[in-house]
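Engineer: let me see the structure of the following:
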Amino acid sequence: MSSLITDLPVLLRPFDARTRQEAERLVDDDAVRGLELMEDEMMAEVRLDDRPAQVRWLRGDRGWHGETDVDDDQTLEDLALCATLVAVQRREARGTLPMTPVEEEDFEHQLSVKLGRQLTPDEENYLSKVEKRYERVRLTGKIFDQDMVRLHSRWAIQTLEPLALWPETPKSLRDFWNYIALALADKGLAVPVFLRCMCDIEGTREALREWRHASTVPTWQKRIREFIDSRQDDRHTHRQPPRQCDFRLLITVNDARLQMRLEGGETPSPYTTVDAALLDNLRRDHRDGRLVTSGTSELLFVSCLGQCDENWNDSFRLESKHHSQWLATLFQQPALHERMLTLDEAPFTLAEQPLRWTTRLSANGLNLTLQLETAEGIPAPLPLRILRGVQTLYLSADTLFRGPVWLHDESRIDTAVTMPLEALATAEGIAFMREIDIPVPDAIKSRVRHEDLHVNISAACLAKTSGSSGAEFVTFKADAVDAEGRVRETLRFSGWQPVDEKKTTDSEDAIVCRDRRALRDAEELMNQLRRTWDMENDAWRVRMAKDFPDMFHQWASVLPENVHLKTDDSLKTILADPLIARVRLEATQTSSIDWLDLRLVFDIEGMDLKPADIRRLIAAKGEFVRLADGSWRRVKLELSEEQMQMLDRLGIDLNEHSDETHRMHWRQLAQESAAEIVNPKAWSKIVERMEEAKLDLRPPVPEGLNVTLRPYQVDGFHFLTYLTSNRFGGILADDMGLGKTLQAITWVLWLRSRKKADGPHLPVLVVCPKSVLDVWALEFKKGSPDLRVLVLHERDLFDINLVMTQIDVVVMNYAQLRGFDGALAAVRWLAAILDEGQQIKNPDSKAAKAARQLRADNRLVLTGTPLENRLLDLWSLMTFATPGALGERAYFHRHFDRRKDSRAAERLSARLRPFMLRRTKSQVARDLPSRSEENLLSEMSGRQAELYKEELARAQHMVLNSSGFDMVNRRRFAILQALTRLRQICCHPGLIDKTAENEESAKLTSTLELIQELHAEGHKVLLFSQFVSMLKIIRTKLEELNLPYHWLTGASTDRAGIVKAFQEDDKASVFLLSLKAGGAGLNLTSASYVILYDPWWNPAVENQAIDRAHRIGQTQPVMAYRMLTKSTIEEKIMTLQHKKNLMVSNVLGEGGFTNLLEKEDFDFLFDIEAERSA
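Structural biologist: Got it, this is the predicted structure:
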C-alpha cells in the first residue's frame, strides 16, 4: 500500500488543473463510493452526473495503470481515474484509508478441512458463484435480487434496487457468506448442505439485530422531536373554534364565483366572494376538520377546490373548456341547483323544451343564417354560453336551456350565425347539417347523391420467396365499394384513403354522401389481426402462425353483412365445413376360433386422402391440419354416444391412429352395440360363438363340499365355472378376507366332478406363499376331506409318478415352482391356481416364466392386490391366466403402460371385465364388523432426532448431486438405502447405530403405552413391522414388562402351530409379525386390534396386514393403529400413498399405490425443493 501512496504524486501529474479541480469537487460531493484498496489493486465507483463509472487501478511490471468502463468519453474517463486518486489521497491524509483484510486461511481450504474431503465439481461451481458475487460486492458495496437468484434458484426477484443485507460492506468472504446464508434462511430457502458448516446464522442474525436496534435510535429521536414540534403547532391551531360556513356559486355567462358566508351567530354574515388567500385558509380548515357545512354545501366546495390551480384568482372563467365542462356536470346534479345562482341571487330557470336552430337563406342565395329559437319560435336570449357534456347546455343570464351540438371552437353565441352556402355544399357540410338538425337548402339538396358503401376484404397466401426465413404470410386488402362495384376508398397503413377521383364517373357538381359505417366496422375487424403493412405488396400482412387457422376461422365467422370476404383456394378450405369421419372396426379371424384381430378404420367422405393424412387429422381432434397440397382440413368424428361407450368398453383408444391391430377375445366383443361398428362378416362369427357359449351357467354347489357358501361366494364360484365353460382363464380379485380360497376349492370340486365322467385322472396344482401352505391344507381338509392333498414342505417329496396317479391336489410355494419348472411342465394339470398371484407381477421373474410354462386345462389367479406398483403387473397375471387377452408386452406398453396416459387404466378395466371378478367387503360382506384406522403421531428428541437430521443431510447431498437419470437408474439403490435408514431411525435409533440401542425412541414409548392399555382391557393385538430387528427390540421390552407375546417371522418353522397357538390362546397377548411373513394368507381373527409399527410404501400391503384380523369369521370391530413419527419421512410416505391413489381405483375400484418411485417422488421425500440451489 505504501507504494501507492508514494506513487500518488506521479500518478496525478498527467491530469491537467481543470480535471484536478473537477475531481476535487466530486470527492467533496461524496461521488466516489465503495473504495477498496489491496496490495496490488484499487477499485471504486464514481458518479459522473448520475452516471456510474467503475474504476480500477492495477499495479503491473511497469507500475500502476488505470482503467474504467467509460468507453465513449475520454474527458469523463480521465475525470473518473483522477477522482479515485484524489479520494485515496484525502483518506490517507485523514488516516481512514480502509484496507481489505487478508483472511487468515483460504475459505475453500477451511471448508475442505471441516468437511473432511475435497469439494465435488458441483460444490466448487457453487462456491465460485459465491466468490464472484463477493468480488462484485467489494467493488460496488451492493448486491441485488439478480445476484441472489444465482445463489438460489427459488429466490424471488422483487426489486431492481440494492438489497439491504448488511449494515456495512462485508470485510471477508466468511462475513459475506454469513449474511447470504442468513438472507436465504429468512426467506425459507435452504442453505446448501456442504456450506452449512461455514456459517453462523444465529450469530449473524443477533449481530444484525443489535445493529438495527442501534440504528433506529436516531431515527426514533428525530420522529419524536418532529411530533412534539407538530403538536405545538396543532395546539395553536386547535385553539381556534370551528368555522361554520355556507357556500354557493354565483354564475354569469362569462364566469362563476364561489361565495361563502359565516354562520353560527345570531344572524348569518352576508355572502362574500372567495379569493385565493381565503381559499387557502378554507382548504386548510377543511383538511383539519374545522370547516362545518351542510352536505350539498360541502359537495360544491370540494368540487370547486378541484378546479383551483396555482393560477386561480377569484373566479372560474367559462371561456375555458375545462371550466365550462365542469359547470355542465354541476348542472346535472339536481341537489346543487339551489346553490347555483344568477346575479339576482335566484336559481336558474330550467327550460322544459330545448332550443333549436332555424335557417334563413339570404336574398342573393349565397349565405345561410342560423338563429337559435325556443320551441315557441321566440329567438333565444343572447348572449348564450355553451356548456358541453353528455347534453349540450346553453346558459343565459337567468335560464338554462338544452340544445343542439355546435362547433367545438365556439363557447359563446352572441348573435345569429351567418355562413357561406358553398361551405355547406360538401359531404361534410351535409353531415354537419344533419348533426345540428337543420334542413338542407334546396340549392344544395338537388346536388346531393347518397351512396351506401360496403367493404370487400381479399385474403391470399403469400408465395414463399427464395430468401425467406421459412415463415409464411397471408396478405389482406380492404376496399370500400359502392353499389355499382366501384372502389371508392382503400384501407392503407394511415387509414382509409380515397382512390384517385379521376377514375370515378361522378359529375363535378355532385355532392356524394357516403354511408361509412361498413368502413368503421371493417377497420375495427382488421385491427384484430396481428398485422403489419407490407409496402412491397401494398397490403396488410399477417404471419401464418400455428394458431392462424383457428384465429382466421373465428375472425371470418363474425364479419357483418356489409363486409364481404374473398379468399384464395387455400384459405377457403379453412372456412369450409369440417370433414366427416365415420369410425368402424375391421375384424379378421385369427387361427384360433376365440380370437379376432381388430383394426380401427376411419372413412372420410368426399375426399381421397392418404392414410398418413387421415391419421394426422384424427390425431388433431378437430383442430386444423395443413395437408401436402397446402389446404387446411379438420375432421369431425361421426360417432354416437353408444358407440363411444362401446369403444371404451373394448378398451380401444380413439387417440391411437396407427394401423396396429388389437387382438380381442370374442367375449370382449359380445355386446349388441358392437354390431354397429364391427364389419358384418366378423360380427356374424361373433354371434355364432355367442350362441354356442354358456354365459349364464349357474351349476349347483358340488356335492362333497362340507362348508356352506355365502351368497356372494356362490356368485364367485359361478364366475369360475363361466370361465371354464368358455375356455377362459381368469383372476378372482376379491378383497382380502372374503374367502377366495374356499371359492377356489369349490371350483376344484366342480372341475373334478366334470372330469370323472370323461377322461383320465388329472391333478390340480396350487402355488402359494410358503407362509400359507398349511392354510391351504387346512382349508382343503375342512372343505373336502376326501381329496388327496400333497403339501410340499420339502423338495424331495415331489414324486411325479405319485402325483399323476394318486394325488388330487399338489400345494407348493413359489420357490418350489421356480425349482421344479421342468418337472411341473411335464405334467398335465386339471387346473393351476396361483394364490397371492401378485408374486408373478414381474413378467421377467423366474416364477412368472415357470408359471407360464405350466400345461393346465384351467388357469386361475387368486389375489387381493392384483395391482401393486404398475399396470404391467396385471399384464403378467393375465398372460398366465389368459395369454393374449392384453396383447403382447410391447403392445401393452404402448397402449396401457405409458405414465402420461390418464385414461389407460379405464381402457384396461374394460379389457379385463370378462376375465376378472373383483368385490370389496363393503359390497358383499355387509355383515362383517366395522374397521377403523387411526394415525398416532410421536415426536423425536435427543439422540434419535440428531441421528435423523444427520442422515437426512447426507441423503439430501446425494440427491442434489444426482441427475434425474442417476436417481431413477444408477443411484437408485443407494437412494432407497438412504430412505430405509431414515425409516429405521424413526423406528428406533439402535437399528442403525448399535451404540444407541439404549437410547429413547418416541415411537416405541408410545407403542408400549398403547399395548399396556389394550392388554389391561383384555385385548389381543397383532403388531406388524418390516424390520425383524425392531421386533426383537419390542420383544425384549415386552419381556421386561412381563407381557405375553407370540412370534412369527420368515425364519419361523412351525408356522401353522404358531398361528394355532395364538388363535386358541384365551388370554390377552401380542402377536409380533414381520410384514412379509404374516401380512398375507393368515387367518388371525381372534385379534381385533392391529398395530402397524412402520408405514409401507404400498397401502395394499398394509391393508393385507390389517385384513389378517378383518376377515370372514371376525365378530368384533377391528381397530388399526398406524404409528408415525411427526415431521419425518413417515408422514411423507403417507402423503405419497394418497397422491398415488388413482390408477388402481380406475382399474379395480379400490385405492392402491401404483407407480414406481420417480425423481419427483424422491425430491418430495427428501425436501429437495427447499434444498435445491442454482
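
Engineer: what is the least confident helix or strand in the protein?
Structural biologist: Here the helix or strand of the chain ranked lowest by mean pLDDT, DSSP states H and E is helix 1143-1148, holding a mean of 44.

Engineer: so, low pLDDT: which residues of the stretch 601-750 of the chain?
Structural biologist: Low-confidence segments of the stretch 601-750 of the chain (pLDDT under 70): 639-643, 645-651, 653-696.

Engineer: what comes up buried for the top helix by length along the chain?
Structural biologist: Looking across the chain with DSSP state H, the single longest helix is helix 201-238. Neighbour-count burial for helix 201-238, with 16 or more other Cβ atoms under 10 Å as criterion, is recorded at 201, 204, 207-208. The C-beta positions use only the backbone N, C-alpha and C, and glycine is treated the same way.

Engineer: same thing with stretch 316-327?
Structural biologist: Across stretch 316-327, burial judged by 16+ other Cβ under 10 Å covers 316, 318, 323-324, 326-327.

Engineer: so which of these is the closest to residue 581?
Structural biologist: When the buried residues of stretch 316-327 are compared for distance to residue 581 (Cβ to Cβ), residue 326 wins out at 66.1 Å.

Engineer: so which strand or helix has the closest one?
Structural biologist: Following DSSP states H and E, one finds residue 326 within helix 321-331.

Engineer: for that helix, what is the average pLDDT?
Structural biologist: Mean pLDDT, helix 321-331: 94.

Engineer: do you have the strands of the stretch 701-850 of the chain handy? List them.
Structural biologist: Secondary structure of the stretch 701-850 of the chain by DSSP state E, counting those that start in this stretch: the strands cover 730-732, 764-768, 789-791, 809-813, 828-829, 831-835.

Engineer: between the ones you listed, which gets nearest to residue 922?
Structural biologist: Among the strands of the stretch 701-850 of the chain, the nearest to residue 922 by Cβ to Cβ is strand 730-732 (17.8 Å).

Engineer: what's that closest one packed up against?
Structural biologist: Packing partners of strand 730-732 (3 or more Cβ pairs under 8 Å, 6 or more residues apart in numbering; DSSP states H and E): helix 711-725, helix 740-757, strand 859-862, helix 872-881, strand 916-917.

Engineer: nearest to residue 1034, of these?
Structural biologist: For those, proximity to residue 1034 was assessed by Cβ to Cβ; helix 740-757 is nearest, at 30.6 Å.

Engineer: for that closest one, packing partners?
Structural biologist: Partner elements for helix 740-757 (3+ Cβ pairs under 8 Å, 6+ apart): helix 711-725, strand 730-732, strand 764-768, helix 773-783, strand 831-835, strand 859-862.

Engineer: which residues touch residue 1043?
Structural biologist: Shown in contact with residue 1043 (Cβ atoms under 8 Å, 6 or more residues apart in numbering): 1011-1012, 1015, 1069-1070.

Engineer: let me have the strands of the stretch 701-850 of the chain in TSV, extended by distance to residue 947.
Structural biologist: Supplementary listing: the strands of the stretch 701-850 of the chain in TSV, determined by distance: least, Cβ to Cβ, whole Å:
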stretch	distance to residue 947
strand 730-732	44
strand 764-768	40
strand 789-791	45
strand 809-813	38
strand 828-829	53
strand 831-835	41
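
Engineer: help me confirm that residue 935 is found in a helix?
Structural biologist: No - going by DSSP: H, G, I helix; E, B strand; the rest coil, the assignment for residue 935 is strand, not a helix.

Engineer: adding distance to residue 905 and mean neighbour count, write the helices and strands packed on helix 740-757 out as TSV.
Structural biologist: TSV is the format used below for the helices and strands packed on helix 740-757 (distance: least, Cβ to Cβ, whole Å; neighbours: other Cβ atoms under 10 Å):
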stretch	distance to residue 905	mean neighbour count
helix 711-725	22	19
strand 730-732	16	26
strand 764-768	28	25
helix 773-783	32	19
strand 831-835	23	25
strand 859-862	19	25
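
Engineer: now those in CSV, with distance to residue 994?
Structural biologist: Compiled in CSV, these are given as follows (distance: least, Cβ to Cβ, whole Å):
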stretch, distance to residue 994
helix 711-725, 51
strand 730-732, 46
strand 764-768, 37
helix 773-783, 36
strand 831-835, 39
strand 859-862, 42
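
Engineer: setting aside sequence neighbours, what's the nearest residue to residue 558?
Structural biologist: In this structure, residue 558 finds its nearest non-sequential neighbour in residue 525, 7.8 Å apart by Cβ to Cβ, 6 or more residues apart in numbering.

Engineer: for the one you found, what are its contacts?
Structural biologist: For residue 525, the contacting residues are 555, 558-559, 563, by Cβ under 8 Å, 6+ apart.

Engineer: repeat that for residue 14.
Structural biologist: For residue 14, the contact set (Cβ under 8 Å, 6+ apart) is empty.

Engineer: what separates it from residue 65, distance-wise?
Structural biologist: Per Cβ to Cβ, to the nearest Å, residue 14 is found 11 Å from residue 65.

Engineer: now do the shared contacts for these two.
Structural biologist: Common contact partners of residue 14 and residue 65 (Cβ under 8 Å, 6+ apart): none.

Engineer: now find how far off-centre the longest helix of the chain is within its chain.
Structural biologist: 45 Å (Cα atoms, centre = their mean, to the nearest Å).

Engineer: could you point out which element follows that helix?
Structural biologist: That would be, after helix 201-238 and using DSSP H and E, strand 243-251.

Engineer: buried stuff in stretch 1052-1063?
Structural biologist: Residues of stretch 1052-1063 classed as buried: 1052, 1055, 1058-1059, 1062-1063 (neighbour count, 16+ other Cβ under 10 Å).

Engineer: name the surrounding residues that touch it.
Structural biologist: For stretch 1052-1063, contacts defined as Cβ under 8 Å, 6+ apart pick out 771, 774-775, 778, 1020, 1046-1048, 1069, 1071, 1077, 1082-1087.

Engineer: which ones among these map onto helices?
Structural biologist: Taking DSSP H as the definition of helices, the contacts of stretch 1052-1063 contribute 774-775, 778, 1077.

Engineer: closest to residue 259 among those?
Structural biologist: Comparing the ones in helices among the contacts of stretch 1052-1063 against residue 259 with Cβ to Cβ places residue 1077 closest, at 101.7 Å.

Engineer: so what's that closest one up against?
Structural biologist: Applying Cβ under 8 Å, 6+ apart to residue 1077 gives the contacts 771, 1048-1050, 1052, 1055.

Engineer: any idea how far residue 863 is from it?
Structural biologist: As for residue 1077, its distance to residue 863 is 18 Å (criterion: Cβ to Cβ).

Engineer: how about residue 857?
Structural biologist: As judged by Cβ to Cβ, residue 857 and residue 863 stand 21 Å apart.
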